[in-house]
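Student: predicted model and sequence follow; I will ask about them next.
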Amino acid sequence: MLKPRTIWKTIRSRCARYNAYTRAYSNSPDWPLVLWLRKQLFRSTVVASCQYLAQGTVLDIGTGPGSLPRLLAEIAPHIRVVGIDIERVLLQDARRAVLRNPAQNRISFLLADAHALPFFDGSFDMVVSVASLHLLHDRPKAITESYRVLKHEGIALMLVGGRQIYPGKMWLLDFITNRSAKYLKSIFETAGFKEIQIANPQSNLLRVVGRK
């Protein structure tokens, strides 16, 4: 059995690498090709979000350098976005980047934990998350918190990779069993969500949508 010190060291090492990759992404030059690639990374989530919500307030869990809030606020002029993350250094990057955004008055960032969101019940019209759910140690708790802060009939939209949920070679079984899709649907149902839809159930990038 691994010692607690070894486990903690591994977690911190992975977080440090993730932060380094994310900062390199957010601080890359604003060349046309780079800007296009940034937008493509989140465009599917933004487009899907706009289909469900024309106006209101959106919470982005695991916002990192704030790429999704900036793009969403630019495309949807009647939407306000709050991005949260547990990493201070990434939020510093997000706040600096938003100063160059024409929609900065509708974007805000907050240091917060997805397992204990510092918001009242029914605060948001939509909760979104891109490539963050697999980083959380208690996914059911995070989904339950997302449900709590949503308004009645609010929407949760999350992108998550099956390979991240089941590390190593075990993720290959998803092509046969759809295990990641079943797991995600289960924790969404347990939290109270209805009308749950899972796109691309046999791929390595699942899009989960649920309504409160």
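Tutor: Here it is on my side, so go on. Because the structure is predicted, anything quoted here is derived from the model rather than measured. Numbering: from 1, shown residues only.

Student: tally up the residues packed near the closest residue to residue 114 other than its chain neighbours, please.
Tutor: Leaving aside its chain neighbours, residue 114 sits nearest to residue 142 (4.4 Å; criterion: Cβ to Cβ, 6 or more residues apart in numbering). (Each C-beta comes from the backbone N, C-alpha and C, glycine too.) For residue 142, the count of nearby residues is 25 (other Cβ atoms under 10 Å).

Student: is residue 142 in contact with residue 133, as I believe?
Tutor: Yes. Counting by Cβ atoms under 8 Å, residue 133 is a contact partner of residue 142 at 6.9 Å.

Student: which residue ranges of the chain form helices?
Tutor: 4-26, 32-52, 67-75, 88-98, 139-149, 162-165, 174-177, 179-191 (DSSP state H).

Student: least reliable of the ones you listed by average pLDDT, please.
Tutor: The weakest mean pLDDT among the helices of the chain belongs to helix 174-177, with a mean of 45.

Student: need the contact partners of the lengthiest strand in the chain.
Tutor: When the chain is scanned for its longest strand (criterion: DSSP state E), the result is strand 150-160. By Cβ atoms under 8 Å, 6 or more residues apart in numbering, the residues outside strand 150-160 that reach it are 44-45, 48-49, 52-53, 122-134, 143, 146-147, 180, 184, 188, 193, 205-212.

Student: in that strand, what counts as buried?
Tutor: Applying a neighbour-count criterion of 16 or more other Cβ atoms under 10 Å, one finds 150, 154-160 buried in strand 150-160.
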